[in-house]
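Student: Got a predicted structure plus its sequence, pasted below:
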Amino acid sequence: MTEKQVQIKNRAGIHARPAALIVQTASKFASKILLQKDHETINAKSIMGIITLGAGYETELTIRADGPDESDAVDALYKLFESKFEEE
């Protein structure tokens, strides 16, 4: 299992567009990918799960993946968060 901490850096937080980008990116990988906020864990391939997470600006999340391409999956999602979902 691979995991990495990330902070939401775009001011709008995770809304529909970033959620769709997360799902598109996560769906490219065979690994099971989870996002964790506090004690709530959701499937990163579920747009509804991501939106209901309610992750706003500066929220700390853990990206966790388990599977054959787990390291690449975590890195790809980490880069997406670091790029502020290409919004700013």
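Tutor: Perfect, thanks for sending it.
Student: can you give me the helices for this structure?
Tutor: 16-26, 47-52, 70-82 (DSSP state H).
Student: Which among these is found nearest to residue 1?
Tutor: Residue 1 sits nearest to helix 70-82 of all those, at 6.7 Å, using Cβ to Cβ. From N, CA and C alone the C-beta is placed, and that goes for glycine too.
Student: now the angle from that closest one to helix 16-26?
Tutor: 160 degrees (axes from the mean of the first three to the mean of the last three Cα atoms, to 10 degrees).
Student: Give me the residue ranges of this structure where confidence is low.
Tutor: Scanning the chain with the threshold set as pLDDT under 70 gives 88.
Student: my read: residue 20 touches residue 47, true?
Tutor: Yes. Using Cβ atoms under 8 Å, residue 20 is in contact with residue 47, at 6.3 Å.
Student: give me every residue that touches residue 40.
Tutor: For residue 40, the contacting residues are residue 53, by Cβ atoms under 8 Å, 6 or more residues apart in numbering.
Student: circling back to that earlier point, would you list the helices of the chain in TSV and tack on mean neighbour count?
Tutor: As requested, those are arranged in TSV below (neighbours: other Cβ atoms under 10 Å):
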stretch	mean neighbour count
helix 16-26	18
helix 47-52	16
helix 70-82	17
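Student: nearest to residue 39, of those helices?
Tutor: Among the helices of the chain, helix 47-52 comes nearest to residue 39, with 14.4 Å by Cβ to Cβ.
Student: same for the closest one, what does it pack against?
Tutor: Judged by 3 or more Cβ pairs under 8 Å, 6 or more residues apart in numbering; DSSP states H and E, the packing partners of helix 47-52 are helix 16-26, strand 40-43.
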